[in-house]
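A.B. asks: What follows is a predicted structure for the sequence shown.
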Amino acid sequence: MLQGLVDERGSHVGPHSAAVEKTHSWWRVMCLTGVDYFSTLGYQPAIAALAAGLLSPIATLVLVALTLLGALPVYRRVARESFRGSGSIHMLERLLPWWAGKLFVLVLLGFAATDFMITITLSAADASAHALENPFAPLWLHGQEVPFTLLLIALLGGVFLRGFKEAIGIAVVLVAVYLALNLVVILVAIGQVAGHPVLVTNWWSALSSQHGNPLLMVGIALLVFPKLALGMSGFETGVAVMPQVKGDQGDSEERPIGRIRGTRRLLMTAALIMSGFLIASSLVTTLLIRQEDFQPGGQANGRALAYLAHEYLGSVFGSVYDISTICILWFAGASAMAGLLNLVPRYLPRYGMAPQWARAVRPLVLIFTGVAFLITVVFDASVDAQGGAYATGVLVLMTSASVAVTLSARHRKQRWPTIGFGLVSAILVYTTVANVIERPDGVRIAGLFILGIMTTSIISRVRRSFELRATSVILDDNALDYVMTDAEDYDAIRIISHEPDEDTETEYRNKSRDERRFAHIPPVSPIVFLEVYPSDSSDFEEDLVVRGVVKHGYRVLQVTSGNVPNTIAAVLLEIRDQTGIIPEIYFEWTQGNPISNMFKFLVTGLGEIAPVTREVLRESEPQAKRRPHVHVS
């Protein structure tokens, strides 16, 4: 599970990361996101017809306008400012300090998990529906939606256990075949409309008699837009898999210009392709399919283009189209799985809110597959039952992205981008609220995901409280000189822990005198003070830099960290490894209730410093003789 294939991208840090980064051309990665984005053609025309009726083409034009003028500019900016695959979540994380920022990220991760997990289960359920509704499907398969959906999810998990390269290869083939078949169906349907122009005349007459003037039609289309918002579902995964995009040779970690350019090209191309297909498919399905066939139980419900394929190209071509639709809907969960595998290791282990093995890909694949099994069984593989949660996850993430870029533009004092992105944010906020009011079950499902993430995160953070949290410890020249001198001249390193609250000569003199007296430090033995300056205690992993300074004639080691005892333990172990001498550290007992001090440690990184430092050392160094000595008096 933890060796071999763990992360072909090399984009995750940690003990199980791959050293070599494997990337792909932007158009191949577009196919990976496209299995989610383009697969909505399987049901989007039917959703539009059901929501807007004869207004479906106009409502789809509104959707396309917001896609090209709103969502696309938003995510092109997200790709430029958050190019490591963290998306808008990382942009918003920087706005809130301390625990508020971490909790906010956990909430957004809950919505992201809702979006991505429901993408896996809903797409697999829709693929099952297409398979079982095919006229050539065996009779014994009817009523077996749940087992068939579970089989598809298991196959998807198997692909990711095998490797990420294989997933992209499959996506390229599926997208190419699916778009080609859809193009054939739409061209044939356009030919049917061209041969019967009365269809357009009758449609426009019925539309005019129902809604009056064109302005009223546009107004109604805007009102029903929230029901069509699933047609923009591929943008978040587009930036989530950004580390997959091959950059230029001169790209650096801090300025991957080629990768950003490739991702923006990916987003633009996908949006233009999808917009063209959405407009054409909405028009031909509205003109050629009766409105009653779109209703639940109707032959075109959830499969409008498949209906046209069978109707005008015959059962054989229609079955080929069904197979292609089934495959791409099944594999639509691949982009969602890729997004989850990118987001979760970037946040939860770094926050201390998941075990270290959560950085590895294979265990996460098994966990996500198991959760998808549970969701499928709970919702009985129903597409309609999961639609609300899917829309809620998509819209919340898109809204957060638009807000993030609006705040970014405002921070840079860019007036017109701020106004434009602010308008997009307002539209998406309206869309999200309208969707929540109509489908409150989506928020409830997302709330369960958020509750689950919060609960497991808190439990993990508590369980990992006594771990060494430093990813690296560096002693500067002065600090290294202090400890090496004591080790070579006195064969001992004695360190006094000092809280940096009062910077006076009297404070250091009294501290030195008291520790020598009560801890029985030999008068001739030199001492070094160690001071930890507090920072954000909500951070879990840190790179520590220990500075050596002289204050009032006393040698002092200074380090900044959000957690005091774990940092002291890490510094002591680094000193031991650098000098070969087991250091000794001296504390005063902390005043106050031990229980309240323990809670204080969990939240602020302070509390019972001495006993927690010893416990961290005990867990980190199993050999007692190699463990730094802790004295408390």
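C.D. replies: Right, received. Where do you want to start? Numbering: from 1, shown residues only.
A.B. asks: Please spell out which residues along the longest strand along the chain are buried.
C.D. replies: Longest strand in the chain, counting residues (DSSP state E): strand 542-551. Using 16 or more other CB atoms under 10 Å as the test for burial, strand 542-551 gives E542, L544, V546, R547, G548, K551. For glycine as for every other residue, the C-beta is placed from the backbone atoms N, C-alpha and C.
A.B. asks: Name the strands paired with whatever helix or strand comes next after that strand and say parallel or antiparallel.
C.D. replies: Sequence-wise, the next helix or strand downstream of strand 542-551 (DSSP states H and E) is strand 554-561. The strands that strand 554-561 pairs with in its sheet are strand 528-534 (parallel), strand 542-551 (antiparallel) (by DSSP bridges).
A.B. asks: closest one to R359 among those?
C.D. replies: Taking CB to CB, strand 542-551 is the member of the strands paired with strand 554-561 nearest to R359, at 16.6 Å.
A.B. asks: Okay, strands next: where are they in this protein?
C.D. replies: Using DSSP E, strands in the chain cover 470-475, 494-497, 528-534, 542-551, 554-561, 584-587, 629-632.
A.B. asks: Include mean pLDDT when you put these into TSV, please.
C.D. replies: Converted to TSV, the strands of the chain look like this (pLDDT from 0 to 100):
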stretch	mean pLDDT
strand 470-475	88
strand 494-497	93
strand 528-534	92
strand 542-551	92
strand 554-561	93
strand 584-587	93
strand 629-632	92
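A.B. asks: Looking at these, spot the one closest to I375.
C.D. replies: It's strand 470-475; of the strands of the chain, that one is closest to I375 (CB to CB) at 34.8 Å.
A.B. asks: Each with direction, which strands does that closest one pair with?
C.D. replies: Strand 470-475 is paired, per DSSP bridges, with strand 542-551 (parallel).
A.B. asks: Verify the contact between F331 and I170 for me.
C.D. replies: Yes. Using CB atoms under 8 Å, F331 makes contact with I170 at a distance of 6.3 Å.
A.B. asks: Looking at the two now, which is surrounded by more residues?
C.D. replies: F331 (29 against 18; other CB atoms under 10 Å).
A.B. asks: need the contact list for that one.
C.D. replies: The contact partners of F331, by CB atoms under 8 Å, 6 or more residues apart in numbering, come to V35, S39, L156, I170, A171, L174.
A.B. asks: rerun that using 10 Å as the cut-off
C.D. replies: 31-32, 35-36, 39, 123-124, 127, 152, 155-156, 159, 167, 170-171, 173-175, 178, 337 (CB atoms under 10 Å, 6 or more residues apart in numbering).
A.B. asks: Can you tell me which of those residues are buried?
C.D. replies: Looks like the contacts of F331 have 31-32, 35-36, 39, 123-124, 127, 152, 156, 159, 167, 170-171, 174-175, 178, 337 buried, using 16+ other CB under 10 Å.
A.B. asks: okay, P97: pLDDT?
C.D. replies: The confidence metric pLDDT takes the value 66 at P97.
A.B. asks: L617 is nearest to which of the strands paired with strand 554-561?
C.D. replies: Across these, closest to L617 is strand 528-534 (CB to CB), at 14.0 Å.
A.B. asks: buried sites along the closest one?
C.D. replies: Under 16+ other CB under 10 Å, the buried positions of strand 528-534 are V528, F529, L530, E531, V532, P534.
A.B. asks: Now render those residues as JSON lines, adding distance to A300.
C.D. replies: Below are the buried residues of strand 528-534 laid out as JSON lines (distance: CB to CB, whole Å):
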{"residue": "V528", "distance to A300": "79"}
{"residue": "F529", "distance to A300": "77"}
{"residue": "L530", "distance to A300": "73"}
{"residue": "E531", "distance to A300": "72"}
{"residue": "V532", "distance to A300": "67"}
{"residue": "P534", "distance to A300": "63"}
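A.B. asks: Could you point out which of those residues is nearest to Q244?
C.D. replies: P534 (38.6 Å).
A.B. asks: unless I'm mixing things up, that closest one is touching I609, no?
C.D. replies: No. P534 is beyond contact range of I609, at 11.9 Å (criterion: CB atoms under 10 Å).
A.B. asks: so what sits against both of the two?
C.D. replies: What both P534 and I609 touch, as defined by CB under 10 Å, 6+ apart, is the set E499, V564.
A.B. asks: residues contacting I323?
C.D. replies: Contacts of I323 by CB under 10 Å, 6+ apart are H130, A131, N134, F136, V177, L181.
A.B. asks: What pLDDT is listed against it?
C.D. replies: 89.
A.B. asks: Quick check: the gap between it and L156.
C.D. replies: Distance of I323 to L156, computed by CB to CB, to the nearest Å: 17 Å.
A.B. asks: most centrally placed residue in this structure?
C.D. replies: By CA atoms, centre = their mean, the mean C-alpha position of the chain lies nearest to L343, the distance being 3.3 Å.
A.B. asks: hang on, isn't that residue packed against I89?
C.D. replies: Yes. In this structure L343 lies within contact range of I89 using CB under 10 Å: 7.3 Å.
A.B. asks: Brilliant, that's me finished.
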